[in-house]
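Enquirer: Sequence first, then the predicted structure, then my questions.
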Amino acid sequence: MKWLETDTENCPVGRALDLVGEKWTLLILRDAFNGVRRYDEFRRHLGLSEAVLADRLRKLVAAGVLRAEPYREPGARTRYEYRLTAKGVDLWPVLLALKQWGDAHAGEPEGPVLDIRHTDCGAPVRVVVRCEGEEQATLGARDVTVRPGPAARPRRS
C-alpha cells in the first residue's frame with residue numbers, strides 16, 4: 001500500500017493537531033514550559049481574550065496535557081494553577097523544533113529571543129532526529145524511508 005492509498009482518518013499528526021495544533025494552544029504550552037502557571041499570568045503575557053484562554057486551558061486539561069491544581073489566596077475564591085503532565089512534557093521537543101525553525105526562518109536578525117542551554121554544561125540545545133541503529137546517525141528528511149505501518153488502513157474511494 002502506498003501513501004496516497006492510505007486512509008488519513010487515523011493519522012497521528014492529524015490527531016495531535018486536533019489537540020494542540022492551534023496557535024494559542026501552542027503559545028500557552030510555550031509559556032507553561034517557561035514557568036507560567038496561573039490564568040492571569042497567561043492572560044497578561046499572551047494578550048488573548050478570556051474566552052479563548054479559558055477554552056484552550058479547559059481542552060488541554062481534558063486532553064491530559066495540563067492538570068489544574070487548586071490554590072487560594074487569602075480572602076479570595078479558589079483558583080487554579082496549570083501544570084504540565086507527563087503527556088504535556090512530551091511536547092517539549094515539538095516546541096523546541098518549532099523554535100529552531102522559527103529562529104532559522106522567521107527569527108530576529110540579532111539572534112534568538114530564547115537562548116536554551118544545557119543546565120550542566122551551558123552548551124546550546126537542539127532537537128535532532130537520530131537513527132536507533134548501531135551508528136545512531138543524525139538524519140535529515142531525505143535519509144529516511146516512510147511506509148504504511150500496522151495501523152494503516154486502505155483509503156476508501
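Expert: Alright, I've got the coordinates.
Enquirer: Could you use CA atoms for every contact and neighbour count after this?
Expert: Noted.
Enquirer: what about the longest helix in this protein?
Expert: For the chain, the helix with the greatest residue count under DSSP state H is helix 92-106.
Enquirer: quick one: buried residues of that helix?
Expert: Neighbour-count burial for helix 92-106, counted by 16 or more other Cα atoms under 10 Å, picks out 95-96, 99-100, 103.
Enquirer: now, the most widely separated pair of the residues you listed?
Expert: 95 and 103 (12.1 Å; Cα to Cα).
Enquirer: who does the longest helix of the chain touch, helix- and strand-wise?
Expert: In terms of contacts (3 or more Cα pairs under 8 Å, 6 or more residues apart in numbering; DSSP states H and E), helix 92-106 is packed against helix 23-33.
Enquirer: and the angle for the helix it packs on with helix 92-106?
Expert: Put simply, helix 23-33 runs at 110 degrees to helix 92-106, going by axes from the mean of the first three to the mean of the last three Cα atoms, to 10 degrees.
Enquirer: List the buried residues of helix 23-33.
Expert: Neighbour counts over helix 23-33 (16+ other Cα under 10 Å) mark 24-33 as buried.
Enquirer: Distance check, the spatially most central residue of the chain against residue 138.
Expert: Nearest residue to the geometric centre of the chain (Cα atoms, centre = their mean): residue 91, 4.0 Å. According to Cα to Cα, to the nearest Å, residue 91 and residue 138 sit 20 Å apart.
Enquirer: Pull up the per-residue confidence for the residue found closest to residue 20 once you drop the neighbours it is linked to in the chain.
Expert: Leaving out its chain neighbours, the residue that sits closest to residue 20 by Cα to Cα, 6 or more residues apart in numbering is residue 26, at 6.3 Å. Note for residue 26: predicted pLDDT of 97.
Enquirer: residues contacting the closest residue in space to residue 86 that isn't next to it in sequence?
Expert: Excluding its sequence neighbours, the residue lying closest to residue 86 (Cα to Cα, 6+ apart) is residue 65, at 7.5 Å. Taking Cα atoms under 8 Å, 6 or more residues apart in numbering, we find residue 65 in contact with 84-89.
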